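>>> Attaching a predicted model along with its sequence, questions to come.
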Amino acid sequence: MSKTLAAYFSASGTTAKVAETLAKAANADVYEIKPAVPYTRADLDWTNKKSRSSR
Ligand SMILES: Cc1cc2nc3c(=O)[nH]c(=O)nc-3n(C[C@H](O)[C@H](O)[C@H](O)COP(=O)(O)O)c2cc1C
């Protein structure tokens, strides 16, 4: 039987928790997709039209 992989990207940890729970329930391997350059708090400021995440 093929093995399932739960691959996730999480900026704040919320999706990470869900992915871990899902992976356990599905007996899946878990893999975190990480940005080459980590996101800072300022990068994630969606109220700033010029922030990295907004652009
Ligand atoms: C840049 C950015 C944009 C977001 N945009 C939305 C949005 O449009 N609608 C929404 O409901 N939540 C939005 N969120 C909130 C995220 O969906 C929420 O914080 C989620 O828990 C993030 O989980 P994660 O960081 O583990 O992926 C946004 C968060 C960030 C950082």
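Here it is on my side, so go on.

>>> now the chain, which segments are flagged as low pLDDT?
Where the chain drops to pLDDT under 70, the residues are 1.

>>> Any residues of it in contact with the ligand? List them.
Taking Cβ under 6 Å from any ligand atom, the part of the chain that reaches the ligand is made up of 10-16, 44, 46, 53. Every C-beta, even on glycine, is put in place using the N, C-alpha and C of the backbone.

>>> and the residues you listed, which two are the farthest apart?
The span of the residues of the chain next to the ligand, defined through Cβ to Cβ, is set by Ala16 and Trp46 at 19.2 Å.

>>> And these two? Which one has more around it.
Between Ala16 and Trp46, counted using other Cβ atoms under 10 Å, Ala16 has the larger neighbour count: 15 against 8.

>>> Wasn't that one part of a helix?
Yes - under DSSP: H, G, I helix; E, B strand; the rest coil, Ala16 falls within a helix.

>>> Skipping its backbone neighbours, what lies nearest it in space?
Spatially, and ignoring its direct neighbours in sequence, Ala16 is nearest to Ser10 (4.0 Å; Cβ to Cβ, 6 or more residues apart in numbering).

>>> can you count the residues close to the one you found?
Other residues close to Ser10 by other Cβ under 10 Å number 14.

>>> now it: how far from Val30?
11 Å (Cβ to Cβ, to the nearest Å).

>>> Mutual contacts of those two, please.
Shared contacts of Ser10 and Val30, defined by Cβ atoms under 8 Å, 6 or more residues apart in numbering, comprise Ala19.

>>> ok so, going back, now do the contacts for the residue nearest to Ala16.
So Ser10 contacts 16, 19, 32 (Cβ under 8 Å, 6+ apart).

>>> Surely the second one is within a helix?
Yes - with three-state DSSP as the criterion, Ala19 is assigned to a helix.

>>> Find the residue closest to it in space, skipping its chain neighbours.
Using Cβ to Cβ, 6+ apart, the nearest residue to Ala19 is Tyr8, at 3.8 Å.

>>> rewinding a little: can you list which of the residues of the chain next to the ligand are found in helices?
Residues of the residues of the chain next to the ligand located in helices (DSSP state H): 14-16.
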